[in-house]
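A.B. asks: task: produce atomic coordinates for the following.
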Amino acid sequence: MAGDEVTPLRIRSRFDRDRDAGGREMRSAGGALAPGVAPDAPRRALLVIGMHRSGTSAFTRVLSLAGAELPGHLMPAGDRNPRGYFESQRIYELHEQLLEEAGSAWDDLSPFPREWLESPAAPRWVERMAETVRSEFGENPILTLKDPRIARLVPFWIRVLGQLAVVPSFVIPIRNPLDVAASLERAERIDPSKGLLLWLGHLLTAERETRGCLRSFVAYEELLHDWRTVLTKIGADLELVFPRVSRRAAAEIDEFLAGELQHHATGPDEVSSRRSVPAWVKQAFEWARHATRGEPVSSDALDALDALVRPAELAFGPVVASLEVAKRRLGERAVRLEAETGRLEVELGEQRAQLAESQSELTRAREEVARQERHTQQIVDWVKTLLDWASRVIQTGEATADHLEVAFEAIDEGGPGVVPQVATTALRLAHQSAEAARLAEESELRATECERLAREVASLRAESERQQAELARVEADSAALGTESEQRGRELAELRAEASERRAELATLAKDREVLRQQVRGLWQQISARDGEFAGLRQEVAGRESELARLAAELAAVQADVAAREASLARLSGALEQQRRDATASVAERDLHIAALRTRLAGLEGSRVWRALRPLRWLADGAESLFRG
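C.D. replies: Next up, the predicted model:
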């Protein structure tokens, strides 16, 4: 099929016949047709119910790429399935709650109690699950439901889908039980012996509960080797043509399966050769291999095998259940111990970090002490040098030198602790010695100065006597000048009064001039400020005028653009209205054509020739699918 061309959905349900190819009645696991399902129900549900770690995720993704719908809320990918689980997170959570409420679990070796379906809790769970399916898939025609837990709950799910008027179809992946057990041991830490029994229990339950329903047994290894053949087999077994079989879909499936990792790949013959594999598992795996190849198989063989397994389960089931409960409690205790161990490890790490920090602080403190000691020694050396320098600068004689020698001895004997006190005392003694020497020298200088002053006093006394004689002569002259001096004094007083008045006038004028100067300066400042304001206003007015001009130009452009768009919108509206009328006429014409085709098809399907050619059409469809693959 070229490009993305989609083949129309075509479903041929075996519920429109009373018996299957083997001649058995088409009944559900409960012995009746799926409740509430009409024979011509248009919707289908593909339930992938293989054992855990059997490739159910890969099968589900391939089915979805072929056109089946995935749920709306997918379980996020994880370390175990990095490419995704492709199952509903909500349905998985409901399964876990249901099994827990019923006292079971997915890894329970005992079968799920069938009488639970008759309990008062069953209808409530059917309604809850049906509502979840509605919200996850809406009204899609093909639903893909995947969860290995469904294998334990097939009768429950047939009721759920019957309430939704959806026909169930089952895809049952088969994988080598040794690979499943190894994968379970790696992913879930489940003992390989238990893993083999779980594989056996899931296969027996899935086969028994899906009898009478559309189902397909497929091999996981074959999906990885030749998915086209496997998908063709599923379509033939389920009588379903997938709606998405384009080349793009095939490329997407190739790309997906190219990254599918198969960590364990044991040869099928090794199952029969290993003595550690129970005979029941060997027989069931041999039956499943024939079923995946499309060879005729009989359910009687599995019934006989189940008849052997059931008594063993009845005998050992209580013991195993007790061990499982004890194991669960031990697991919960181990989880608590692991959490406690983690907490203690965290605390130990914190204490180690604190210890390392303390050791680091101690190292830093020791380094600081060493540095202080080096610094103190440097201070001691510096003080000695200072005292030695002081002794050379002061040069006060033998007394100071003796003091410094004593100080050096005290510092060497007492250590760094006495350095400040000894240094202070030595400096004080040196200062006192220097001060005493200075005072002695100053005393000698003062004695010399006193002798000089005595000589000067004698000279001054002689000069004083001479000046007294000169003073007497001057006094005589002064008496003569007294009268003239008085007259000149009066004139001088008058001149001084006049000058005082002039100075007062000048001071007043100076004050007035300063006031005027301040007023003129203030006026000039006001004028300068106003000139600045006027300049700013002129610039603002110019800017506003340019802005108004720009806005006017933009307004004109916008108006022109609006007018152009209105004209274009009017043309587009007319064109759309014409297209709508043409489409309406075309749809009406196609509806009439489809109705005519349906009428012809109904008449053709009711004819005897059509019923007689049905086997040939099945063969043609199979050949077409084979060539297309």
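A.B. asks: ok, longest strand in the protein?
C.D. replies: Identified as the longest strand of the chain according to DSSP state E is strand 166-174.
A.B. asks: tell me the first helix or strand C-terminal of that one.
C.D. replies: Note on strand 166-174: by DSSP states H and E, the next helix or strand toward the C-terminus is helix 177-188.
A.B. asks: tilt between that following helix and strand 166-174?
C.D. replies: 100 degrees (axes from the mean of the first three to the mean of the last three CA atoms, to 10 degrees).
A.B. asks: quick check: buried residues in helix 177-188?
C.D. replies: Residues of helix 177-188 classed as buried: 177-185 (neighbour count, 16 or more other CB atoms under 10 Å). Every residue, glycine included, has its C-beta placed from N, CA and C.
A.B. asks: can you tell me how far Leu65 sits from Val245?
C.D. replies: 10 Å (CB to CB, to the nearest Å).
A.B. asks: same question for Ser216.
C.D. replies: Distance, Ser216 to Val245, using CB to CB: 17 Å.
A.B. asks: tell me what the helix or strand hosting Ala493 is packed against?
C.D. replies: Taking DSSP H and E as the definition, Ala493 sits inside helix 419-605. Here helix 419-605 touches helix 299-394, helix 398-414, going by 3 or more CB pairs under 8 Å, 6 or more residues apart in numbering; DSSP states H and E.
A.B. asks: rank the ones you listed by pLDDT, which is bottom?
C.D. replies: Mean pLDDT values for these show the minimum at helix 398-414, a mean of 60.
A.B. asks: pull the CA atoms of stretch 72-81 into PDB?
C.D. replies: Only the C-alpha atoms of stretch 72-81 are listed here, as PDB (Å, rounded to 0.1, in the frame of the first residue of the first chain):
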ATOM      1  CA  GLY A  72      -4.900   7.700  26.800                       C
ATOM      2  CA  HIS A  73      -2.800   7.500  30.000                       C
ATOM      3  CA  LEU A  74       0.300   5.400  29.200                       C
ATOM      4  CA  MET A  75       2.500   4.000  31.900                       C
ATOM      5  CA  PRO A  76       5.800   5.900  31.700                       C
ATOM      6  CA  ALA A  77       8.900   4.000  30.400                       C
ATOM      7  CA  GLY A  78      11.400   2.700  33.000                       C
ATOM      8  CA  ASP A  79      14.700   1.000  33.300                       C
ATOM      9  CA  ARG A  80      13.100  -2.400  32.700                       C
ATOM     10  CA  ASN A  81      11.300  -1.200  29.500                       C
END
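A.B. asks: pull the contacting residues for Phe242.
C.D. replies: Phe242 makes contacts with 7, 63, 66-68, 231, 235, as judged by CB atoms under 8 Å, 6 or more residues apart in numbering.
A.B. asks: one more: Ala45?
C.D. replies: Contacts here follow CB under 8 Å, 6+ apart; on that basis Ala45 touches 142-145, 161, 166-169.
A.B. asks: for Arg215, phi and psi?
C.D. replies: Dihedral pair for Arg215: phi -150, psi 160, per degrees, to the nearest 10.
A.B. asks: do the same with the one 4 residues further on
C.D. replies: Taking degrees, to the nearest 10, you get phi -100, psi 130 for the backbone angles of Ala219.
A.B. asks: would you map the strands across the stretch 1-150 of the chain?
C.D. replies: In the stretch 1-150 of the chain, the segments counted as strands under DSSP state E, counting those that start in this stretch are 10-11, 43-48, 142-146.
A.B. asks: lowest-confidence stretch among the ones you listed?
C.D. replies: Here the lowest mean pLDDT among the strands of the stretch 1-150 of the chain goes to strand 10-11, at a mean of 33.
A.B. asks: okay, buried residues for stretch 271-287 please.
C.D. replies: For stretch 271-287, a neighbour-count test (16+ other CB under 10 Å) marks 271, 277-278, 280-285, 287 as buried.
A.B. asks: what's the closest of those to Leu348?
C.D. replies: Checking those against Leu348 by CB to CB gives Val277 as the nearest, at 45.6 Å.
A.B. asks: could you tell me which residues make contact with that closest one?
C.D. replies: The contact partners of Val277, by CB under 8 Å, 6+ apart, come to 177-178, 196, 271.
A.B. asks: now the buried residues of helix 177-188 in CSV, with distance to Glu87?
C.D. replies: Below are the buried residues of helix 177-188 laid out as CSV (distance: CB to CB, whole Å):
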residue, distance to Glu87
Pro177, 22
Leu178, 25
Asp179, 21
Val180, 18
Ala181, 22
Ala182, 22
Ser183, 17
Leu184, 18
Glu185, 22
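A.B. asks: check contacts around the residue at minimal distance from the centre of the chain.
C.D. replies: Geometric centre of the chain, nearest residue: Pro76, 15.1 Å, by CA atoms, centre = their mean. By CB under 8 Å, 6+ apart, Pro76 lies in contact with 84, 89.
A.B. asks: please redo it, this time with the cut-off set to 10 Å
C.D. replies: Contacts for Pro76 were tallied using CB atoms under 10 Å, 6 or more residues apart in numbering; they are 84-85, 89.
A.B. asks: intersection of neighbour lists for Leu65 and Val245?
C.D. replies: Counting by CB under 10 Å, 6+ apart, the residues touching both Leu65 and Val245 are 231, 253.
A.B. asks: adding distance to Glu470, write the strands of the stretch 1-150 of the chain out as TSV.
C.D. replies: Shown next, in TSV, are the strands of the stretch 1-150 of the chain (distance: least, CB to CB, whole Å):
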stretch	distance to Glu470
strand 10-11	157
strand 43-48	147
strand 142-146	143
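A.B. asks: from those, which stretch is densest packed?
C.D. replies: Per residue and on average, the most neighbours among the strands of the stretch 1-150 of the chain fall to strand 142-146, with a mean of 25 (mean count of other CB atoms under 10 Å).
A.B. asks: show me the domain layout of this structure.
C.D. replies: 10-297, 418-611 (automatic domain parsing).
A.B. asks: among these, which gets the worst mean confidence?
C.D. replies: Among these, domain 418-611 has the lowest mean pLDDT, at a mean of 74.
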